[in-house]
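Undergrad: Generate a structure from the sequence data that follows.
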Amino acid sequence: MALPALPDADAPVIERFLESAWAEHGLARASLDSYRRDLEGFARWRTGQGGGLVGADRAALFEYLAWRTREGYSPRSNARLLSTLRAFFGACVQRGERSDDPTALLDPPSLPRSLPKALSESEIDALLAAPDVATPLGLRDKAMLELMYAAGLRVSELVELPATAVNLRQGVLRVTGKGRKERLVPLGEEAQHWLERYLQASRAALAQGRSLAPLFLTARGEAPTRQQFWMLVKRYAAAAGIDPARVSPHGLRHSFATHLLNRGADLRALQMLLGHSSLSTTQIYTLVAREQLKRLHAKHHPRG
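TA: Have a look, this model is predicted:
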């Protein structure tokens, strides 16, 4: 069903909320864009029902969620929407624009627990060996893949790294994660080796004498986008004989975490390396390890 245009009265309300969310919580652009889409969609739906955004009550939220379900929106999408509405109406209450929060008694839809998909260590080795390091871009890609896996970075963290984030003398990387929180991550010998080679032999060629801030550069001297790195990972997966559908940039982060845990890493240390604010987020990887043990037992034990 086509929705009406965004009402003029709601546009500044949404902008004020987004500016406040950015100033107070340092949300990334992708998170702010997601908030904007959710709020504009709800505001447009409310216009079609004869109401406004700020004045929506609990019944209106129920009706909107029911409409989205009929339209085929997934439970995960509706759960994200409800999270956006909680943040928005909580801010309305704080600013005195409302006396109550209509999301207070709404429960998010139950979501199936999905385990992160990690590659095996041999598959990771094949993927990391795929780039042609004899070319400047191939050497760059090799350094990016090695760093992604060695440090467990989010793809946005990787492509947004400034050159000043690397300390090769100490062998650490300063990463700015969600909420603008900084963390120090050890590089590891392989990642450090390929970073040094990239910086010495490739980055200068790509920069063409210019003083540029991003650590990793495209042929045009710009930071690669997340979408560009996604395509690189898919291409190298195919070259390594791995089904590209099984591989994603985030899958390298999952592989980093799973392989560390399988080799006895402490969960608290893993939380710090991944930049998770809550240990419960990190604990999902214990389920991955447990599922792998079950499969090994079923395959190799005589009574499995």
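
Undergrad: Leaving aside the residues adjacent along the chain, what's closest to Thr218?
TA: Leaving aside its sequence neighbours, Thr218 sits nearest to Pro224 (CB to CB, 6 or more residues apart in numbering; 5.3 Å). For every residue, glycine as well, the C-beta is placed using N, CA and C.

Undergrad: and the one you found, what is it in contact with?
TA: Shown in contact with Pro224 (CB atoms under 8 Å, 6 or more residues apart in numbering): 144, 159, 216-218, 232.

Undergrad: before we move on, what about Leu139?
TA: 131, 133, 194, 197-198, 201-202.

Undergrad: Give me the subset of those residues lying in helices.
TA: If you go by DSSP state H, the contacts of Leu139 have 194, 197-198, 201 in helices.

Undergrad: can you confirm Gly221 is in a strand?
TA: No: using DSSP: H, G, I helix; E, B strand; the rest coil, the assignment for Gly221 is coil, not a strand.

Undergrad: picking that back up, which of the ones in helices among the contacts of Leu139 sits closest to Gly52?
TA: Tyr198 (53.2 Å; CB to CB).

Undergrad: circling back to that earlier point, mind giving me a markdown table with the contacts of Leu139 and columns for pLDDT and neighbour count?
TA: Converted to a markdown table, these look like this (pLDDT from 0 to 100; neighbours: other CB atoms under 10 Å):
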| residue | pLDDT | neighbour count |
| --- | --- | --- |
| Pro131 | 96 | 24 |
| Val133 | 95 | 17 |
| Trp194 | 95 | 23 |
| Arg197 | 95 | 15 |
| Tyr198 | 95 | 25 |
| Ala201 | 91 | 13 |
| Ser202 | 92 | 22 |
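
Undergrad: Could you identify the most distant pair in the residues you listed?
TA: Greatest spatial distance in the contacts of Leu139: Pro131 and Ala201, 13.5 Å, computed using CB to CB.

Undergrad: burial measure for Ala204, as a count.
TA: For Ala204, the count of nearby residues is 14 (other CB atoms under 10 Å).

Undergrad: now the strand or helix carrying it: mean pLDDT?
TA: Remark: Ala204 resides in helix 203-207, with elements defined by DSSP states H and E. For helix 203-207, the mean pLDDT works out to 90.
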